[in-house]
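Chemist: Below is the sequence, then the predicted model.
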Amino acid sequence: DAEITQSPRHKITETGRQVTLACHQTWNHNNMFWYRQDLGHGLRLIHYSYGVQDTNKGEVSDGYSVSRSNTEDLPLTLESAASSQTSVYFCASSESGVRPEQFFGPGTRLTVL
Amino acid sequence: AQRVTQPEKLLSVFKGAPVELKCNYSYSGSPELFWYVQYSRQRLQLLLRHISRESIKGFTADLNKGETSFHLKKPFAQEEDSAMYYCAPSQGNLIFGKGTKLSVKP
């Protein structure tokens, strides 16, 4: 069955370290998204991609970067982790087209000490 | 500016009672509207979208363009409905509300 996975599921790191969160989907979806989920803020869009080599900034992109070298993967990199980036991160994917349903990964809980 | 508001952070009802989760949006044009749900320890999943006009797990949502609202309703809440609910308009990418936690007590 097609699915979307994230790794690691839990990560503890220190301030200033570079961290990469992986997202892999086997739906063959063109669109992929990264969100962070925080109490009182809901889900906020970090970055998104509509296809290979395409990346775009979302609402809260500062301190994060993504790259899309193939259809299946959209890794999220925190260049220099900050305590404010402690959060739960969700990856999602969707087909191309007009406002399609997004399918979410299980999430990665990141703690920055 | 595009904005979506879910005024209740927490909604607590007893089993069998009606439930309404409110969602108001402020958009230019006509966004498509979605409700996503996150059950405990599970990933977010689509509950329903207004364009399909379906009833999923007994939930319905009516788009009121005049009031710019898309409230989620269920006539008789069940304990398994306890979850986090997010309203999400879209004119391209989804914009999620802050969510309402529904707690259905036995």
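Modeler: That came through, no problem.
Chemist: Give me the nearest residue to residue A:53, chain neighbours excluded.
Modeler: On the basis of CB to CB, 6 or more residues apart in numbering or on different chains, the spatially nearest residue to residue A:53 that is not a chain neighbour turns out to be residue A:68, at 6.2 Å. C-beta coordinates here come from the backbone N, C-alpha and C atoms, glycine included.
Chemist: what's the spacing between that neighbour and residue A:105?
Modeler: Here residue A:68 is placed at a distance of 16 Å from residue A:105 (CB to CB, to the nearest Å).
Chemist: Compare those two (neighbour count), which wins?
Modeler: Neighbours per residue, other CB atoms under 10 Å in any protein chain shown: of residue A:68 and residue A:105, the larger number sits with residue A:105, 27 against 20.
Chemist: Do I have it right that that one meets residue A:7?
Modeler: No. Applying CB atoms under 8 Å, one finds residue A:105 not in contact with residue A:7, separated by 9.4 Å.
Chemist: wouldn't residue B:100 be in contact with residue B:12 here?
Modeler: No. Taking contacts as CB under 8 Å, residue B:100 lies outside contact range of residue B:12: 10.7 Å.
Chemist: If you count surrounding residues, which of the two has more?
Modeler: Neighbours of residue B:100 and residue B:12, each counted by other CB under 10 Å, are more numerous for residue B:100; the result is 21 against 13.
Chemist: ok, now which ones touch residue 102?
Modeler: Since you didn't name a chain, this refers to chain A. Each residue near residue A:102 by CB atoms under 8 Å, 6 or more residues apart in numbering or on different chains is listed here: A:31, A:33, A:92, A:93, A:94, B:46, B:94.
Chemist: switch to chain B, that's the one I care about
Modeler: Counting by CB under 8 Å, 6+ apart, residue B:102 touches B:11, B:12, B:13, B:19, B:21, B:77, B:81, B:82, B:83, B:84, B:85.
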